[in-house]
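Colleague: curious how this folds, go ahead:
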Amino acid sequence: MSEKFTCAIKHIRFDENYLPANSTRLTTNFANLARGEFRQENLRNTLRMINNRFNSLAHFDNPKADRYSLEIDIISAELDVEGNGQTFPFIEMLKSTIIDHKTNERFEGMIGNSFSSYVRDYDFSVVLPSLGCKTNEKPEDFGDLHGKLYQFFVNSDVFKAEFAKQPVICLSVSTSKTYYRTANIHPVLGVEYTNDEYSRTDEYFAKMGLIVRYFMPAHAVAPLAFYFSGDLLQDYTDIELISAISTMETFQKIYRPEIYNANSNAGQVYQPSLEYPDYSLTRIVYDRVERGQLAVKQGKWTEENFIKPYHDVLQRWAARFSRNNQVA
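Modeller: Got it, this is the predicted structure:
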């Protein structure tokens, strides 16, 4: 086998009629909602929550809080390792388009937002348990291959032809770390928090070339973790940042209500916890236990269908990438 890595991008609209493709990770937050008896109601309510949150943040010249809505596309990247047309579903992210119903204009929203990766499932749900790693323990090379594959994709001609800016990924803060409120307040992102040390997820994303900052937007109850390359505050417009907040805060309220739909705000010193009892549930149904079980199944599927069959090819490619920061 020789490596001839190529990428391809597919777009799937995330709306109330969305059905996950066969290649989509079922643990992905948007795919998880689109299953079962209440799938269409789930999707409709999720989109309504996103639009309402967007309008609450984009309140200028918006007295009825109904000026804007978002169109959301799932961006699915496929990797062809040998150049023979056989592809592996590598990464899924979300891309939003902002519709201004007052002016009938359309604006680019954020690329990134959610982040889905089969290889990440493999790393966290297969590699770490097999080594008996405890919370925040990991091998030294943990995430090396995934980080290089991500950087290869976002710096590829295929990605740059579609997107003018690099992704911003927005996730939950870690329940294993403590966060401290600072005096920094951004007009859109809100109050900045910091912590004393990176979480295992923070370090994993660092290998993807991403740094992290934590902000709690207006009317939120907990900070979000924003992963980005470049300058988060200078490289993106306010409306792009609002699109990321409204999309990902909605998903976090659904999946981690103990943190993001809590009935009290994060304080000066904040320790996120999924054991916190004082929170409200959304009207959206999902099975968090099943989601955790699927992560293990999908990690093992990745091992059998990507890591093992392409092991030597991936090792050679990663070594070359490491030396030159690109594959010649």
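Colleague: how would you label residue 235: helix, strand or coil?
Modeller: Using DSSP: H, G, I helix; E, B strand; the rest coil, the structure places residue 235 in coil.
Colleague: wait, it sits on residue 112?
Modeller: No. Taking CB atoms under 8 Å as the definition, residue 235 is not a contact partner of residue 112, at 11.9 Å. To be clear about C-beta, it is placed using only N, CA and C from the backbone, and glycine gets the same treatment.
Colleague: more neighbours: those two, which one.
Modeller: Per other CB atoms under 10 Å, whichever of residue 235 and residue 112 has more neighbours is residue 112, with 25 against 13.
Colleague: could you measure the closest residue in space to the more buried one that isn't next to it in sequence against residue 114, distance?
Modeller: Leaving aside its sequence neighbours, residue 112 sits nearest to residue 167 (CB to CB, 6 or more residues apart in numbering; 3.0 Å). Distance of residue 167 to residue 114, computed by CB to CB, to the nearest Å: 10 Å.
Colleague: touching both of the two, which residues are there?
Modeller: residue 93 (CB atoms under 8 Å, 6 or more residues apart in numbering).
Colleague: give me the common contacts of residue 235 and residue 112.
Modeller: Counting by CB under 8 Å, 6+ apart, the residues touching both residue 235 and residue 112 are 166, 228.
Colleague: next, the buried residues of the helix or strand where residue 50 lies.
Modeller: Remark: residue 50 resides in helix 39-57, with elements defined by DSSP states H and E. Within helix 39-57, the residues that count as buried by 16 or more other CB atoms under 10 Å are 39, 42-43, 45-47, 49-51, 53-57.
Colleague: please apply the same query to stretch 220-238.
Modeller: For stretch 220-238, a neighbour-count test (16+ other CB under 10 Å) marks 220-229, 232, 236 as buried.
Colleague: what's the offset of it from the middle of its chain?
Modeller: Centroid separation for stretch 220-238 versus its chain: 13 Å, with CA atoms, centre = their mean, to the nearest Å.
Colleague: how about the helices of the chain, start to end?
Modeller: 29-33, 39-57, 118-122, 128-130, 144-154, 157-162, 200-206, 238-255, 257-260, 288-302, 311-324 (DSSP state H).
Colleague: out of those helices, which comes closest to residue 173?
Modeller: For residue 173, the closest of the helices of the chain is helix 257-260, at 7.3 Å, according to CB to CB.
Colleague: what's that closest one packed up against?
Modeller: Helices and strands touching helix 257-260, as assessed by 3 or more CB pairs under 8 Å, 6 or more residues apart in numbering; DSSP states H and E, comprise helix 238-255.
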